[in-house]
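Engineer: Sharing a model that was predicted from the sequence below.
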Amino acid sequence: MTSLDLYTWKTSNGRKATIMLEECGLEYNVHPIDISTEMQFSDEFVAINPNSKIPALVDHNGPNGDRITIFESGAILMYLAEKTGLFMPTEPEKKYEVIQWVMFQMGGIGPIFGQVHHFKRAAKEKVPYAINRYFNECRRLYGVLDARLENRNFLANEDLSIADFCVLPWVFRHDWQEINLQDFQNVQRWYEMLMSRPALSKGMEIPK
């Protein structure tokens, strides 16, 4: 019987957790939280994540065998990396190289790309200033990624890490952002290489 319960939905942040779990080969129970019906605001889910955001992870066999609840997608990936010893180096210099690119996604890519999605796709009123502001910053961040991936396969160090798992689900929505990956060929190469991984691709489609 698995000790892991994942509460999630098929969003960029939700996909981070499922691709990590699949790449680690862990068994877990999926609890779909349909954010289109505001399930994230239910009393049951707020008891797990007081911020009413997916994903959230409950490990019934956490440190010292105790139950632990983790919310925030980046924290979930860091927790699972420590639990399994996978996708996060232990040497301090390499470890913090991974962490800084995780923070780059959490503080830059996630918020900015999310605003592009909102103002280009969801906003009832088209606000040219907001669209241009966030789209221009989105393209700048793609440029940072493209420069980083010049002559390297992964964002941090020489190995696949949680930094890649954090960024990829946001790049997956390049069509929503109206970004042509051919303009960022290093990002495109990295993206296609990661998407060819069976476990990662499976994680991108959960929950069904």
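Structural biologist: Thanks, I have it.
Engineer: From here on, just use CA atoms for contacts and neighbour counts.
Structural biologist: OK.
Engineer: tell me the domain boundaries of the chain?
Structural biologist: 4-87, 92-197 (automatic domain parsing).
Engineer: distance between the ends of the first one?
Structural biologist: By that I understand domain 4-87. Domain 4-87 has an end-to-end distance of 19 Å (criterion: Cα to Cα, to the nearest Å).
Engineer: Ok, the longest one next?
Structural biologist: Domain 92-197 has an end-to-end distance of 28 Å (Cα to Cα).
Engineer: so how far is it off the chain centroid?
Structural biologist: On the basis of Cα atoms, centre = their mean, to the nearest Å, domain 92-197 sits 10 Å off its chain's mean C-alpha point.
Engineer: going forward, begin numbering at 754 instead of 1
Structural biologist: With 754 as the first residue, the last one maps to domain 845-950.
Engineer: Can you tell me which of the domains of the chain is nearest to residue 956?
Structural biologist: Across those, residue 956 has its closest neighbour in domain 757-840 (4.1 Å, Cα to Cα).
Engineer: Can you give the contact residues for the strand or helix carrying residue 899?
Structural biologist: Secondary structure assignment for residue 899, by DSSP states H and E: helix 881-901. Here helix 881-901 makes contact (Cα atoms under 8 Å, 6 or more residues apart in numbering) with 861-862, 865-866, 868-869, 872-873, 908, 930, 932, 937-940.
Engineer: that older thread, for the domains of the chain, give me TSV that also has mean pLDDT and mean neighbour count.
Structural biologist: Converted to TSV, the domains of the chain look like this (pLDDT from 0 to 100; neighbours: other Cα atoms under 10 Å):
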stretch	mean pLDDT	mean neighbour count
domain 757-840	97	18
domain 845-950	97	17
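Engineer: is it possible to export those to CSV including distance to residue 961?
Structural biologist: Putting these into CSV (distance: least, Cα to Cα, whole Å) gives the following:
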stretch, distance to residue 961
domain 757-840, 8
domain 845-950, 16
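Engineer: Tell me which of those sits nearest to residue 959.
Structural biologist: Among the domains of the chain, domain 757-840 sits nearest to residue 959 (Cα to Cα), with 6.4 Å.
Engineer: what about the closest one, distance to the chain center?
Structural biologist: Here the centre of domain 757-840 is set off from its chain's centre by 12 Å, with Cα atoms, centre = their mean.
Engineer: How about the contacts made by residue 941?
Structural biologist: Residue 941 makes contacts with 934-935, as judged by Cα under 8 Å, 6+ apart.
Engineer: let's see it at 6 Å
Structural biologist: Residues near residue 941 by Cα atoms under 6 Å, 6 or more residues apart in numbering: residue 934.
Engineer: Helix or strand next in line after the helix or strand harbouring it, which one?
Structural biologist: Secondary structure from DSSP H and E places residue 941 in helix 938-948. Remark: after helix 938-948, the chain's next helix or strand is helix 951-956, criterion DSSP H and E.
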